[in-house]
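S.K.: I would like to see how this sequence folds:
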Amino acid sequence: MQIGNKLIHVVGDRVLIKPDDPAERTKVGLYLPKGVVEKETVQSGRVVETGPGIAIPNFSGTAEEPWQERRDSPVRHIPVQAEVGDTAIFLRKEAVEIQYDDQDYLVVAQGAILLLIRNDEAL
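M.R.: Residues are numbered from 1 along each chain as shown. Sure thing, here's the model as predicted:
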């Protein structure tokens, strides 16, 4: 993902999420203090970037002998399920808050994501 002139790479099975604005009011119109909103156990947001996934060794090398140099990549990845544009519902306590270029983001491990909502054009 590019922000300004910087390129951001998400590492491993992490997902970069732009959090949704928390509801400041209840359905009946009462304003909630910030402390009450922060005590929620789950949160939602839009996935803006994903990491490559969990790294696993690549045993499909073409070298005939163990000491010979392999020509292919030494690492493969099990990809993450989240895709850019998905809405993720995740455990709030597992998220790491960061601020970059005056924007708030959350870094969440794939294991902390409870649900992904994806707009499927084929439906």
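S.K.: who touches Ile17 in this structure?
M.R.: Taking C-beta atoms under 8 Å, 6 or more residues apart in numbering, we find Ile17 in contact with Gly45, Arg46, Val47, Val48, Ala88, Phe90, Ala95, Tyr105, Leu106, Val107, Val108. (Glycine included, C-beta is placed from N, CA and C.)
S.K.: just the buried residues of the strand or helix carrying the third one, please?
M.R.: By that I understand Val47. In this assignment (DSSP states H and E), Val47 forms part of strand 42-50. Within strand 42-50, the residues that count as buried by 16 or more other C-beta atoms under 10 Å are Gln43, Ser44, Gly45, Val47, Val48, Glu49, Thr50.
S.K.: again, but for stretch 2-12
M.R.: Val10.
S.K.: how about the strands of the protein, start to end?
M.R.: 2-3, 6-7, 14-19, 42-50, 54-57, 75-78, 87-91, 96-100, 103-109, 113-117 (DSSP state E).
S.K.: can you put the ones you listed in CSV and add mean pLDDT?
M.R.: Output for these, formatted as CSV (pLDDT from 0 to 100):
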stretch, mean pLDDT
strand 2-3, 71
strand 6-7, 82
strand 14-19, 95
strand 42-50, 93
strand 54-57, 86
strand 75-78, 84
strand 87-91, 94
strand 96-100, 92
strand 103-109, 94
strand 113-117, 95
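S.K.: so of those strands, which one's packed in deepest?
M.R.: Highest mean neighbour count among those (mean count of other C-beta atoms under 10 Å): strand 14-19, with a mean of 21.
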